[in-house]
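*Asks:* show me the folded form of this:
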Amino acid sequence: MKTIYESKSNEINNKSNLLTVVSLFFYILLFFAVNDGLRDTFSKNYFPLSFLRDMSIFIGGLFCFFVIRKTPLTKKAIFLLIPLIMICTYSLITTLLVNQNDVYVRNLTTGGGLGFWMKALGTIFCFFIIYIYINNFHLSKVINSYIYFSFFYSLLTITIIFFFPSYYHSLPSRNWYGRLSIGYPTQDVFVLALSLFFLLHSTISKGFKILIFITNVICLMMQNNATGYVLLATVFILTFIKGKMHVKFVSIVFFFVIIVSVYYFYNNYYLFDTFGQLLKLKIDSLIYGTADSSSIDERLLQVTNTMRTIYSDPIYFLVGYGGLGGFAVESGAYSIIGFSGFIGMTIYVFILLYALYYTIRERDFFMFGVIVLYILGSVSISSLYLTSTSWIYAFILAYLSLNARTNIEV
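*Replies:* Purely as a prediction, here's the structure:
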């Protein structure tokens, strides 16, 4: 018969083994949350990369339930999770019942919107994985790992484009020279901008920080994305507000170097082929309000058609039309309305406002910056569909649930 000591020892060992497995899935998930834009670059098929990403979310999430049995969720975690579970429940019904021929759909999908619903469900599973990891390990490991993975993305992009041009040109064509990823450029610049902000709160050595900062800024500029320019400016503002004197000085120097570089590219856009033309169009759009090639008109048409469907039926207005509605428009807010109606949008906005209130009340500049960058980065993409943004949303919820404030600042 086992003694109490032996039972306790076995219980501790079992939990330790479970945490090891969850940690493995956490790092696989984090890698894809940062580098998801590269997934289709190297593998167009679902297997192995997309399969590995989804496995890390759903199988990793299932392992978390065994840990949660031994360590219950906080009351705040339950408070934040209940409305999300409710949304996933009723949106599954609409996803299964709505006929794609009766509503506006951007692209007809074989899954009938079920794929989008699985991404929304995956956000909840991401929450459990991040929650368990932060609750058992130091937050600095999350921050540093995110930075390292983004540095890998930048190094890989710069190395292949400038040192292996023949291989780069053998890959599926991009819209313009300078991008290795064939995913959404907004997703990539969001990740890179967030990694720059994370540098303020990391335990990485100062010399390595400077190297990562320069590399990631260069890679971000190569993506030539309007949202990227806005996010980069926001990072500089946040850095100037919170950074120490030497950080403020470096940020000002880099800001003016970037301004001068962009000015040069803008005035000599004809020397840089598609990249230069696109840069000029985007800047003209920001300054003069003229149309650019970033498909603004197309997105506005998607919004119009989606909202026409939403207003056509009281049920759609309240709860949306499931995965078909979420996939109907490339816009964070309208995608959520299409997916879960104004009930879902109200919950989504409430959670973000609560998160902002918490950061202001607690003077938590780290999470305040993360939320601001998340909101800006989600304007022109579907934040629940893309792994990079859904992971950050889950990270925000897990952080709030654990009051996991970081005091690591540079």
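*Asks:* use CA for all of it now, contacts and neighbours both
*Replies:* OK.
*Asks:* now N99. Its backbone dihedrals?
*Replies:* N99 adopts backbone torsions of phi -90, psi 130, taken as degrees, to the nearest 10.
*Asks:* tell me which residues are up against stretch 377-389.
*Replies:* Residues outside stretch 377-389 that contact it (Cα atoms under 8 Å, 6 or more residues apart in numbering) are 32-34, 36, 116, 119-120, 123, 186-187, 190-191, 227, 231, 326-327, 329-333, 335-336, 374, 390.
*Asks:* for that stretch, C-alpha coordinates in CSV please.
*Replies:* The C-alpha coordinates for stretch 377-389 follow below in CSV (Å, rounded to 0.1, in the frame of the first residue of the first chain):
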residue,chain,number,x,y,z
GLY,A,377,-2.9,45.5,-36.1
SER,A,378,-6.4,44.0,-36.3
VAL,A,379,-8.1,46.8,-38.2
SER,A,380,-7.5,45.3,-41.7
ILE,A,381,-7.3,41.6,-41.0
SER,A,382,-9.5,39.0,-39.4
SER,A,383,-8.1,38.8,-35.9
LEU,A,384,-9.8,35.5,-34.9
TYR,A,385,-8.8,33.7,-38.2
LEU,A,386,-5.1,34.4,-38.2
THR,A,387,-2.9,32.6,-35.7
SER,A,388,-0.7,35.6,-35.0
THR,A,389,-3.5,37.8,-33.8
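*Asks:* pretty sure Y311 is touching L318, no?
*Replies:* No. Counting by Cα atoms under 8 Å, Y311 stays clear of L318, with 9.5 Å between them.
*Asks:* between those two, who's got more neighbours?
*Replies:* For Y311 versus L318, the count of surrounding residues by other Cα atoms under 10 Å is larger for L318: 18 against 13.
*Asks:* that one and G344, how far apart?
*Replies:* To G344, L318 is 8 Å away according to Cα to Cα, to the nearest Å.
*Asks:* ok, now Y269?
*Replies:* Noted for Y269: a distance of 44 Å to G344, by Cα to Cα.
*Asks:* check the residue nearest the centre of the chain and give its pLDDT.
*Replies:* Centroid check for the chain by Cα atoms, centre = their mean gives T389 as the closest residue, at 2.0 Å. pLDDT recorded at T389 is 95.
*Asks:* likewise for I12?
*Replies:* Value listed for I12 in the pLDDT field: 60.
*Asks:* ok, now the one 4 residues further on?
*Replies:* Note on S16: pLDDT of 82.
*Asks:* contacts only, for it.
*Replies:* For S16, the contact set (Cα under 8 Å, 6+ apart) is empty.
*Asks:* figure out the helix or strand that it lives in.
*Replies:* In this structure, S16 sits in helix 4-35 according to DSSP states H and E.
*Asks:* low pLDDT regions in the stretch 1-150 of the chain?
*Replies:* Along the stretch 1-150 of the chain, segments meeting pLDDT under 70 span 1-13, 108-111.
*Asks:* mind redoing it with 50?
*Replies:* Along the stretch 1-150 of the chain, the parts satisfying pLDDT under 50 run over 1.
*Asks:* next step: the contacts of stretch 377-389 restricted to strands.
*Replies:* Of the positions in the contacts of stretch 377-389, not one sits in strands, assigned by DSSP state E.
*Asks:* which ChimeraX command selects the buried ones in those?
*Replies:* Applying 16 or more other Cα atoms under 10 Å to the contacts of stretch 377-389, the buried members can be selected in ChimeraX as follows:
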select :32,33,34,36,116,119,120,123,186,187,190,191,227,231,326,327,329,330,331,332,333,335,336,374,390
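*Asks:* give me the mean pLDDT for the helix or strand containing F254.
*Replies:* Assigned by DSSP H and E, F254 belongs to helix 245-267. Mean pLDDT, helix 245-267: 82.
*Asks:* what sits up against it?
*Replies:* The contact list for helix 245-267 (Cα under 8 Å, 6+ apart) reads F236, T239, F240, I241, F272, G276, L279, K280, V410.
*Asks:* again, 7 Å this time
*Replies:* Helix 245-267 is contacted from outside by F236, T239, F240, G276, L279, K280, using Cα atoms under 7 Å, 6 or more residues apart in numbering.
*Asks:* isn't L232 up against A193?
*Replies:* Yes. Here L232 lies in contact with A193, judged by Cα atoms under 7 Å, at a distance of 5.9 Å.
*Asks:* OK, contacts around V370?
*Replies:* If a contact means Cα under 7 Å, 6+ apart, then V370 has no contacts.
*Asks:* helix, strand, or coil at it?
*Replies:* At V370 the chain is in helix, as set by DSSP: H, G, I helix; E, B strand; the rest coil.
*Asks:* quick one: it and V319, what's the gap?
*Replies:* For V370, the distance to V319 - Cα to Cα - is 28 Å.
*Asks:* what's the neighbour count on V379?
*Replies:* Residues near V379, counting by other Cα under 10 Å: 16.
*Asks:* give the buried residues for the helix holding F254.
*Replies:* Buried residues in helix 245-267 (16+ other Cα under 10 Å): V247, K248, S251, I252, F255, I258, V262, F265, Y266.
*Asks:* kindly report the same for stretch 355-372.
*Replies:* Within stretch 355-372, the residues that qualify as buried by neighbour count (16+ other Cα under 10 Å) are 355-356, 358-359, 364-372.
*Asks:* thinking again about what came up before, and the buried residues of helix 245-267 as JSON lines, adding distance to V21?
*Replies:* Compiled in JSON lines, those are given as follows (distance: Cα to Cα, whole Å):
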{"residue": "V247", "distance to V21": "38"}
{"residue": "K248", "distance to V21": "41"}
{"residue": "S251", "distance to V21": "40"}
{"residue": "I252", "distance to V21": "43"}
{"residue": "F255", "distance to V21": "42"}
{"residue": "I258", "distance to V21": "43"}
{"residue": "V262", "distance to V21": "46"}
{"residue": "F265", "distance to V21": "48"}
{"residue": "Y266", "distance to V21": "50"}
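*Asks:* tabulate the buried residues of stretch 355-372 (TSV), appending pLDDT.
*Replies:* Formatted as TSV, these follow (pLDDT from 0 to 100):
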residue	pLDDT
A355	95
L356	96
Y358	94
T359	94
D364	94
F365	93
F366	94
M367	95
F368	96
G369	96
V370	97
I371	97
V372	97
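*Asks:* between these, which sits nearest G112?
*Replies:* I371 (31.6 Å; Cα to Cα).
*Asks:* strands of this structure, start to end?
*Replies:* Counting by DSSP E, the chain contains no strands.
*Asks:* lovely, talk soon.
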